Structures are given as structure tokens and as C-alpha cells.
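Enquirer: The sequence and its predicted three-dimensional model are supplied below.
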Amino acid sequence: MSSERIKVGKNELGPGGRFYCESVSFDRGGETRQVVGGIVEDVRGGGFYGRTLLLPNAVVKTAEPDSWHLFWRNLNWGLKPFPSQSSELAAQLDHLATKIIHRIVPVATDGEVVTPDSLGYADLGRLGYGQVLERMRGRGVRFDVANGENVKFARTRRTVWNLSSVLGIEHGSQVHPDNPFGKQNMWINEGGQMIWLDVLPAIKHTGFVLPAFYFRFHNDVKRNIMSEEKTFNKLNTSRLRDFVDGRLDQIAGDDKRELTFYLDSYDGVSEKFKQEMKRGARDLVIEDAYKRGIVSQSEALSLNESNFAYYTFLAERIVSPAARAFWEAVEISDEFKRDVRRFLIDPSFRKEKIVEHTTLAGLKRAFDLGLVDGPDWQEAKELLVEPLMSGVEKRRLAATYFGMQLWYTAYGWANNLVAWSTIGSTPFSENPGARLALGLFFELALPSIVRGVSTRLVNALTEDDLSTMVKVAVLPKLGGYLAVPADLAKRYGDRSEQIWHYTKRGLVASFSKVLQPWGGWNSDLEERLWGVLKGDRW
């Protein structure tokens with residue numbers, strides 16, 4: 001499970017909590033309302049649009065992002081309310097657009113690509129409006145699949161964007177080949193079918209997006225959507241109707257009537273929404289704040305009458321999320337405190353957490369990001385934490401792995417403290433050159449020697465062949481991180497391949513994030529670096 005949490009009213013909601021809401025949907029039969037909810041399996045970040053609640057049979061996509069993304073979204077929208085959060089008409093447009101895309105894309109790609117259906121939209125109170133979506137099952141790209149899965153992902157993104165540009169679906173920008181975050185919006189299911197997972201954008205395609213990113217692909221989006229306005233989620237219903245009329249062999253009868261209804265409804269709601277957006281920014285800000293319970297009626301009147309009160313409120317839309325983002329980064333939550341207490345008194349929990357933050361760190365991060373599903377994650381944990389191995393020798397091997405990883409990690413921390421202290425004291429030394437050389441020896445050479453000698457000693461004292469671990473442990477800087485996963489991959493093959501793959505990807509992703517702000521896990525830069533570094537050959 002991820003560590004994401006979200007405020008719902010006065011309560012903080014996370015995995016294991018219960019959540020219910022009333023969704024509203026439209027079809028030819030009229031308006032339908034139904035209660036959707038259950039136990040929250042996980043809370044995932046959703047970029048600028050908002051975090052998502054994973055329920056057993058549905059996904060609730062809120063329009064409330066984490067504080068860091070909220071800060072930048074407020075700036076990118078000029079401190080105006082985000083329409084999908086503040087306007088019921090905008091929420092209806094997202095609902096209808098999701099339904100239209102869900103029905104168009106599989107037909108246009110001959111079933112190669114699917115998208116989640118919309119089950120409705122919901123008023124989530126202080127969170128604003130959100131979308132209730134079909135729960136899709138799948139995972140992100142892997143770079144070590146023999147048939148070139150990363151190539152398939154790239155090809156699918158080009159296909160979806162080409163289709164979107166022809167049909168006037170601005171939402172296709174979500175997977176545009178030049179969108180550095182586009183790969184995160186694509187999944188693949190067990191049958192090899194591609195899933196365009198997230199179809200709802202949140203930032204206007206102006207080319208420039210704070211914090212200081214210039215996205216050239218925005219120009220391609222504007223050119224192909226042919227919109228005179230600065231838009232972000234526009235559908236060209238005229239082009240879509242032409243497509244439907246040209247595919248009567250695939251879209252006929254009730255399917256055509258259903259699509260026609262959604263397109264007509266989209267046009268009708270769109271006209272109302274345009275009129276709503278012609279109102280002054282001040283009116284929209286105050287109405288959104290009052291409707292979501294952020295301000296009382298008297299406070300809303302004050303915002304309307306007092307320039308000082310209004311501009312102070314706007315300033316708070318910048319300061320408040322920025323402060324919360326900082327606090328969330330340093331805050332010690334109640335859950336963390338409970339985990340610390342349990343870590344100290346529960347040996348099983350202690351072992352589980354140590355493994356999750358060392359040998360399984362890469363796989364754990366991939367699981368938190370939705371790149372790995374629950375069963376695969378549990379199988380990997382069982383391999384080290386609760387081994388499904390018969391026999392004393394296999395349980396002993398699991399204990400050896402755990403002990404060696406714990407030793408590598410503890411020694412690494414202690415050595416770093418000595419090395420950094422030595423290097424930091426160089427300017428104050430009588431012989432700076434010698435002190436710096438000693439510090440670099442501690443930093444770069446000594447850990448490899450200690451890991452190599454200690455691993456050879458354990459190898460000699462046990463009946464297990466740890467030769468792979470011995471070879472990898474001596475690698476400078478990386479040996480302590482890679483040694484145990486590498487030995488697992490060599491010994492167990494298919495059963496441990498995911499551990500090794502995502503351990504390597506964790507390194508590459510971290511490197512890509514250092515090089516560019518839009519690098520990191522599941523980014524295009526990560527994939528390019530993987531190819532340059534030949535990660536599949538490690």
C-alpha cells in the first residue's frame with residue numbers, strides 16, 4: 001500500500017478506511033443516482049488533477065491533488081478554481097467525455113486499446129466534484145520483457161495520439177509521445193491489451209507550465225485540436241460524429257444511439273459551461289469557496305465586499321498548500337509513530353519493514369505506483385519475509401539474505417557518517433590533501449572491501465553458494481543495494497525476476513530524476529537511460 005492519505009471532511013482517509021458517495025450518471029433513460037463505495041484498498045496520487053481512491057469495484061478520482069501539486073495547479077490556473085473541481089457542469093463534461101472516449105477508442109483501434117468507463121460524477125463536499133470510474137486491472141511497462149513491451153507502449157501512445165489528433169480528442173495529450181509523463185497513463189493487462197488509464201487532463205495546453213517547464217508537445221496539441229481558446233479537455237464533436245457515421249458496420253443500433261446521445265449531451269452542457277465561465281473570476285472564486293464549505297456565508301459576503309479580504313484569500317491559495325507541502329514532508333504522522341512502536345516490539349513486523357526498505361525497496365516503490373499488482377508483491381514478500389520454502393536449508397537461506405542485507409545497510413550508514421565527517425573536516429585540517437584522500441577512501445573503496453570480505457566469510461561459513469553475492473557486493477556505492485537481489489535473481493530465476501528488475505529500475509529512475517525534474521519512475525527519460533545503460537543485461 002502507498003503512504004498517500006486524503007482529507008474527507010474532518011477525517012483523514014487511507015487504505016483500510018471506508019468511503020461512500022452518491023454518483024450521478026446520464027444515459028438515454030435519464031439521470032441515474034447510485035451509492036458507490038466500500039473499503040479503500042489504496043490511495044494513489046493523480047498528478048495535477050487529483051488523488052484517486054481505489055475501491056473493490058470502482059475508482060473515485062477526486063479533483064484534490066496532494067499539496068505540492070495543488071500549489072502549482074493554483075498558480076497555473078491563475079488562482080481561479082479548477083473547473084472540474086468547482087463546477088458541476090465541468091464535472092458533467094468530464095463524465096460525458098470519459099464515456100465517449102471509452103466507446104470510441106476500442107472501435108478505432110480494433111480492440112487493441114481500452115479505456116475505463118465512467119460510472120458517474122459525485123459531489124465530494126469540501127473536495128469538490130470528482131469522477132467515479134470503472135476499476136481497471138493491469139500494470140505499467142516492464143523493460144525486461146522479451147517481446148519488447150516498452151516498444152509496444154511507445155507504439156500505442158503514438159497510435160492513441162494520432163487517433164486523437166484526427167478525431168479532435170484533446171484528452172489524447174495525456175499519452176502524447178512527447179509528453180514526459182505520458183507513459184504513466186498507459187497500462188497493459190494480463191491478456192496483452194493496452195489500457196489508456198487516465199484520460200482526464202488538468203492543465204491548459206499553453207506550452208508553459210509552472211514550475212518552469214516548457215512543453216513543446218502543447219503546440220502539437222493546439223495545432224491538431226484547432227481551438228482558438230486556451231483549452232485542456234476539449235472534444236471536437238463534429239469530427240467524432242463523422243467517425244461514428246463512417247463506422248456503422250462497427251457502431252450501429254443501440255451503440256450508435258447511445259454515442260449520439262452522449263455527443264448531443266456534451267454539446268449542450270458545453271454551451272452552458274462556456275456561459276458559466278464568462279462570469280468574473282472573483283465571482284467564481286467566492287462561489288467555489290462557499291459551495292465547498294471553505295468559507296461561511298458571512299465570509300463569502302466579506303470576500304465580495306472587501307478587496308483586502310479577497311486578495312488575502314487569494315494569497316492563502318498559494319501560501320496554504322505550500323506550507324502544507326512542507327509540513328507533510330517533515331511531519332511525523334500518528335501512523336508512523338504506531339509503526340515505530342510496533343517495529344520495536346514485533347519481530348515479524350520489524351523483519352517485514354527492514355526487507356521492504358532494503359532488498360524489496362525497488363519493488364515496493366513500483367507497487368506503490370501501481371506498476372506491480374498485489375499478488376506479485378505478496379509473492380515477492382513471501383520469498384524473503386514468509387518464505388514458502390520447505391526444508392531447513394531454504395529457511396536458512398532466507399535468514400542469510402535478511403542478515404546480509406541488514407549488515408550492508410547498517411554498515412553503509414555508519415561508513416557514510418565517518419566518510420562525510422572526514423571529508424567535511426578537510427578545510428580545517430593541517431594536511432587537507434591527506435584528509436580528503438582518507439575521506440574518499442572511506443567513501444569509495446573501504447565499503448567494497450568490507451562487503452566483499454564479510455560476504456566471502458559468510459559464504460565460507462554456510463553451505464549456500466553465495467558467489468553471485470560476493471561478486472556484486474564489491475561494486476563501489478551500489479554493491480550493498482544490488483548484492484542480495486542479484487543473488488535472488490540468479491538462484492530463483494522467474495520467481496525473483498521482478499525483484500531484480502525493479503531494483504535496477506529504482507537506480508535508473510533515481511538517476512533520471514537527478515538529471516531532469518520530469519524524470520523518475522515510469523518516465524520517458526528513465527526508459528532512455530535504461531537503454532543507454534543496457535539495464536536488461538545486468
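Expert: Received the coordinates, thanks.

Enquirer: got a pLDDT number for the residue lying farthest from the centre of the chain?
Expert: Here the chain reaches farthest from its C-alpha mean at residue 430, the gap being 50.4 Å by Cα atoms, centre = their mean. On the pLDDT scale, residue 430 is placed at 81.

Enquirer: ranges for the helices of the stretch 301-450 of the chain?
Expert: Applying DSSP state H, counting those that start in this stretch to the stretch 301-450 of the chain gives helices spanning 307-330, 334-345, 347-356, 361-368, 374-384, 392-424, 432-440, 446-461.

Enquirer: so where's the stretch 301-450 of the chain shaky on pLDDT?
Expert: Across the stretch 301-450 of the chain, the ranges flagged by pLDDT under 70 are 330-334, 384-394.

Enquirer: one more time with 50, if that's ok
Expert: Scanning the stretch 301-450 of the chain for pLDDT under 50 picks out 388.

Enquirer: Where does residue 35 fall, secondary structure wise?
Expert: Element membership for residue 35, per DSSP states H and E: strand 30-39.

Enquirer: Could you pull out the buried residues of that strand?
Expert: 36-37 (16 or more other Cβ atoms under 10 Å). For every residue, glycine as well, the C-beta is placed using N, CA and C.

Enquirer: So which elements touch whichever helix or strand comes after that strand?
Expert: Following strand 30-39 in sequence order, the next helix or strand is strand 42-44 (DSSP H and E). Judged by 3 or more Cβ pairs under 8 Å, 6 or more residues apart in numbering; DSSP states H and E, the packing partners of strand 42-44 are strand 52-54.

Enquirer: which residues are in contact with the strand it packs on?
Expert: With contacts defined as Cβ atoms under 8 Å, 6 or more residues apart in numbering, strand 52-54 is touched by 6, 13, 19, 40-44, 46, 59-62, 135.

Enquirer: Buried only: go through those residues for me.
Expert: Buried members of the contacts of strand 52-54, counted by 16+ other Cβ under 10 Å: 6, 13, 19, 40-44, 46, 59-62.

Enquirer: With distance to residue 194 and pLDDT added, can I get those residues in TSV?
Expert: Listed next are the buried ones among the contacts of strand 52-54 as TSV, based on distance: Cβ to Cβ, whole Å; pLDDT from 0 to 100:
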residue	distance to residue 194	pLDDT
6	29	77
13	31	79
19	29	92
40	27	93
41	23	91
42	22	88
43	25	90
44	20	88
46	20	80
59	18	96
60	24	96
61	20	96
62	26	96
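
Enquirer: got the buried residues for stretch 13-26?
Expert: So for stretch 13-26, counting by 16+ other Cβ under 10 Å, buried means 13-15, 19, 21, 23-26.

Enquirer: Mark out where each domain of the protein begins and ends.
Expert: 6-278, 288-330, 334-537 (automatic domain parsing).

Enquirer: picking that back up, from the buried residues of stretch 13-26, which is closest to residue 104?
Expert: Nearest to residue 104 among the buried residues of stretch 13-26, counting by Cβ to Cβ, is residue 26 at 17.1 Å.

Enquirer: ok so the closest one is a strand residue?
Expert: Yes. Residue 26: assigned to a strand according to DSSP: H, G, I helix; E, B strand; the rest coil.

Enquirer: what sits against it?
Expert: 32, 92, 95-96, 262, 265.

Enquirer: Please list only the buried members of these.
Expert: Applying 16+ other Cβ under 10 Å to these flags 92, 95-96, 262, 265 as buried.

Enquirer: Now render these as JSON lines, adding secondary structure, distance to residue 349 and pLDDT.
Expert: Output for the buried ones among the contacts of residue 26, formatted as JSON lines (DSSP: H, G, I helix; E, B strand; the rest coil; distance: Cβ to Cβ, whole Å; pLDDT from 0 to 100):
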{"residue": "92", "secondary structure": "helix", "distance to residue 349": "46", "pLDDT": "97"}
{"residue": "95", "secondary structure": "helix", "distance to residue 349": "42", "pLDDT": "97"}
{"residue": "96", "secondary structure": "helix", "distance to residue 349": "47", "pLDDT": "97"}
{"residue": "262", "secondary structure": "helix", "distance to residue 349": "50", "pLDDT": "96"}
{"residue": "265", "secondary structure": "helix", "distance to residue 349": "52", "pLDDT": "96"}
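
Enquirer: Quick check: the farthest pair among those?
Expert: 92 and 262 (11.0 Å).

Enquirer: The closest residue to residue 87 other than its chain neighbours: neighbour count?
Expert: Among residues not flanking residue 87 along the chain, residue 276 sits closest, at 6.3 Å (Cβ to Cβ, 6 or more residues apart in numbering). Counted with other Cβ atoms under 10 Å, residues neighbouring residue 276 total 15.

Enquirer: swap in the one 5 residues further on?
Expert: For residue 281, the neighbour count with other Cβ under 10 Å is 14.

Enquirer: cool, residue 323 as well?
Expert: If we define neighbours as other Cβ under 10 Å, then residue 323 has 13 of them.

Enquirer: quick one: contacts for it?
Expert: Contact criterion Cβ under 8 Å, 6+ apart gives no residues in contact with residue 323.

Enquirer: One more: residue 456?
Expert: By Cβ under 8 Å, 6+ apart, the contact set of residue 456 is residue 470.

Enquirer: next one: phi and psi at the residue farthest from the centre of the chain?
Expert: Main-chain dihedrals, residue 430, degrees, to the nearest 10: phi -70, psi -30.

Enquirer: do residue 529 as well
Expert: According to degrees, to the nearest 10, residue 529 has phi -60, psi -40.

Enquirer: That one: what's it in contact with?
Expert: By Cβ under 8 Å, 6+ apart, residue 529 lies in contact with 508, 511-512, 515.

Enquirer: I'd like these as JSON lines, with pLDDT and neighbour count appended.
Expert: Listed next are the contacts of residue 529 as JSON lines, based on pLDDT from 0 to 100; neighbours: other Cβ atoms under 10 Å:
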{"residue": "508", "pLDDT": "91", "neighbour count": "24"}
{"residue": "511", "pLDDT": "88", "neighbour count": "16"}
{"residue": "512", "pLDDT": "89", "neighbour count": "22"}
{"residue": "515", "pLDDT": "86", "neighbour count": "12"}
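
Enquirer: would CSV of those residues with distance to residue 469 be doable?
Expert: Below are these laid out as CSV (distance: Cβ to Cβ, whole Å):
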residue, distance to residue 469
508, 21
511, 23
512, 27
515, 30
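
Enquirer: What lies in contact with the helix or strand where residue 151 lies?
Expert: In this structure, residue 151 sits in helix 149-167 according to DSSP H and E. Helix 149-167 has contacts (Cβ under 8 Å, 6+ apart) with 104-105, 108-109, 112-113, 141-143, 169-173, 175-177, 182-183, 186, 188, 194, 196, 220, 224-225, 236, 239-240, 243, 527.

Enquirer: What about those residues, which are in helices?
Expert: Assigned to helices by DSSP state H, the following of the contacts of helix 149-167 qualify: 104-105, 108, 220, 224-225, 239-240, 243, 527.

Enquirer: Report the buried members of those residues.
Expert: If we count by 16+ other Cβ under 10 Å, the ones in helices among the contacts of helix 149-167 have these buried: 104-105, 108, 220, 224-225, 240, 243, 527.
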